[in-house]
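Trainee: missing the sequence, but the structure's below:
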């Protein structure tokens, strides 16, 4: 099941980011697809180096074995001139037996040492005083990102500052699950780390340049595993401070959408979602205080546009079959007013 989840996650990342009916193709066509051989963070560099080294060693073994097999098949093939008798039989050779035992042991020893060094380099890294701390909570089927030191909660898009080599600032992630097993994987920034119920795993990233990096849940977690996507947005330092300030601001108040606010407050929305400064204090769904500052809806299943937001509110299963959010079953006017209100949450 673990291997299946990893392969499904990899396939989903390729397929969903290529294109889908809800406009994600346009948004992601400007972004590089997840690629572990294009590392842009210290842990990803370590993993990529180990992967290339292992592929080189195993590739060399494959070539040598293939050449020897081809040579043997050609050199010792049956010929018309053969008299049918067996060739000389050799029963045991000390040097040959020593070679085919010692060489594989040496190769395994070298691979084990390099793997151990890489694992230690990543997992034994100590969090420096200036590191950013983020608590990541996996849900079916979305990601919650909490910044305890900053008082910020957001969803599906992890925002972090770039780590300048002259002033390194890594981001350390505490990974937890609210329900089933998930796995946090952003190939260009870090390795796959499982997100397990009742257990906290830790990983870290140290992005070298600003940009948007795509990730995916890589552990099969239910019907919408393939659409449990995520983005890591890496900001230059000045843009990072601006993002923090905007996310710490209270929810917008616009009297022109008062009816939409009343619709929101009178439905089950307030039981699942949070909008700071209002009576909405739910904990089952994403924090909506700055909903429209996010580029996507439903953990990357659709672009965050008014049309897609309306479709999502009308019936989430149209965009994300099996989603746990219920259809709101609102009258057209109330639905339009609710969308108008949510559009002010920037």
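Mentor: Received, thanks. From a predicted model like this one, the values you see are computed outputs, not experimental measurements.
Trainee: Strands of the chain, start to end?
Mentor: Using DSSP state E, the strands of the chain run over residues 132-139, 142-147, 152-155, 157-161, 171-177, 182-185, 193-195, 201-205, 211-217, 229-235, 296-297, 302-303.
Trainee: what does the fifth one rub up against?
Mentor: The contact list for strand 171-177, computed with Cβ atoms under 8 Å, 6 or more residues apart in numbering, reads 127, 131-139, 160-161, 163, 184, 193-197, 199-207. In short, each C-beta sits where N, CA and C put it, glycine included.
Trainee: now the end-to-end length of stretch 265-272.
Mentor: 11 Å (Cα to Cα, to the nearest Å).
Trainee: meant to ask about stretch 315-324
Mentor: 11 Å.
Trainee: do the same with stretch 167-180
Mentor: Note: stretch 167-180 ends 38 Å apart using Cα to Cα.
Trainee: buried ones in it?
Mentor: Residues of stretch 167-180 classed as buried by neighbour count (16 or more other Cβ atoms under 10 Å): 169-173, 175-177, 180.
Trainee: same question, stretch 224-238
Mentor: 224-235.
Trainee: Redo the residues you listed as TSV? Include pLDDT.
Mentor: Shown next, in TSV, are those (pLDDT from 0 to 100):
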residue	pLDDT
224	90
225	92
226	90
227	90
228	92
229	92
230	92
231	93
232	95
233	95
234	95
235	95
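Trainee: got those as a markdown table, with distance to residue 116 columns?
Mentor: As requested, those are exported to a markdown table (distance: Cβ to Cβ, whole Å):
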| residue | distance to residue 116 |
| --- | --- |
| 224 | 37 |
| 225 | 31 |
| 226 | 34 |
| 227 | 36 |
| 228 | 31 |
| 229 | 32 |
| 230 | 29 |
| 231 | 32 |
| 232 | 28 |
| 233 | 33 |
| 234 | 30 |
| 235 | 35 |
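Trainee: Measure how the top helix by length along the chain sits relative to strand 211-217, angle-wise.
Mentor: In the chain, taking DSSP state H as the definition, the longest helix is helix 42-75. If you take axes from the mean of the first three to the mean of the last three Cα atoms, to 10 degrees, helix 42-75 sits at 70 degrees to strand 211-217.
Trainee: Which residues are in contact with the residue lying farthest from the centre of the chain?
Mentor: Note on the chain: the largest C-alpha distance from the chain mean falls to residue 83, namely 64.4 Å (Cα atoms, centre = their mean). Contact partners of residue 83, counting by Cβ under 8 Å, 6+ apart, are absent.
Trainee: so what pLDDT did it get?
Mentor: We have a pLDDT of 74 for residue 83.
Trainee: The one 3 residues further on now?
Mentor: At residue 86, the predicted lDDT confidence score is 77.
Trainee: Touching, residue 243 and residue 159? I think so.
Mentor: Yes - using Cβ atoms under 8 Å, residue 243 makes contact with residue 159 at a distance of 5.5 Å.
Trainee: circling back: quick check: which of the strands of the chain is nearest to residue 75?
Mentor: strand 182-185 (47.1 Å; Cβ to Cβ).
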